[in-house]
Each structure stands twice: as structure tokens, then as C-alpha cells.
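S.K.: sequence? don't have it. structure:
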């Protein structure tokens, strides 16, 4: 990295540390995404990945997560699309065991989730994708899964989230 970039990175890290310390342990999840989205990450995703809401609905239903099936595309979801967040361990464990694992277990069996997402911004070649995933294209699965943590937070509004982007 050029020295200017390192100074910028260190400045951002300092800001993050200061913000977390000032919150006096009142925040459960810190996000770092600055992308703007609508009130719900699924509604926005439907513009890019037609059918994603239906896939989510089917997967939540098959995972017997009926409260999610009815509300996941209607609740306010924090803007977290990636693994660039900090969460209290108890919050992350609850997410992994109550949402992520059951959801993925049914998602990998769904043909609709394995269809081509027609993702144009991907950098991997079809050959690289085939070696890594077993498909020579980007499936809908990662685009569905990247919305799960935001959805978990939206379905648990007592959890406090703060975006530091």
C-alpha cells in the first residue's frame, strides 16, 4: 500500500475504535457497508436478481422458519451485505445456529437456488467457478445468503446495530 493509503486505513481504524469505546457496550452489531439500499435488502435484490424473494420464501418455509417466511421481505433490514461487520459472539452464534445452518441445509437442495444468477460483475471464469462451486456460473445461492444476516437483525429489532461507514 502507498503510505497515503496506510494513513487513511489507520485513521478509519482509529475512528472505529473510538466509536465503539464511546458506545459503552450498548451496540450488538457494527456494520461497515456504506451502500445505500431501500428499507429491505430483499426488495432491492429483486431488481438485480429476479426471483430472489420467491427463493427466500421457499427456503424459509422448507426450513420451518415460518415467522421469517411471512415477514423477511417486509421488515426493515440494516444494510449489511458482507462479512464486514462486528457482532457480539452470542448474537453471531444465535444467527448461525437458528438461521444460517437450517437455511443453507434446505437451500442446497432447491433447484431454484442453483439456477444461473446472470451475475455480470463476477471476476471468476466459468472454469474457476466450476472448480470452486461445481457450477460454471454464479448461482442464486450466494446472493440469497448474503442477505441472511441483515434479515436476522431485521427479525430481531431489539438487537442494536450501528453503521460506522
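M.R.: Yep, that arrived. Since we're looking at a predicted model, the values are computed, not measured.
S.K.: every contact and neighbour count from this point should use C-alpha atoms.
M.R.: Will do.
S.K.: which parts of the longest helix along the chain are buried?
M.R.: Criterion DSSP state H: the longest helix present in the chain is helix 3-22. Buried residues in helix 3-22, counted by 16 or more other C-alpha atoms under 10 Å: 16, 20.
S.K.: show me what the very next helix or strand once past it packs onto, helices and strands only.
M.R.: Downstream of helix 3-22, the first helix or strand assigned by DSSP states H and E is strand 29-31. If contacts are counted by 3 or more C-alpha pairs under 8 Å, 6 or more residues apart in numbering; DSSP states H and E, strand 29-31 sits against strand 85-87, strand 161-163.
S.K.: what comes into contact with the helix or strand containing residue 144?
M.R.: For residue 144, the host element (DSSP H and E) is helix 141-145. Under the contact criterion C-alpha atoms under 8 Å, 6 or more residues apart in numbering, helix 141-145 has outside partners 49, 52, 55, 56, 104, 107, 108, 113, 114.
S.K.: okay, buried residues for that helix please.
M.R.: Quick answer for helix 141-145 (16+ other C-alpha under 10 Å): 141, 143, 144, 145.
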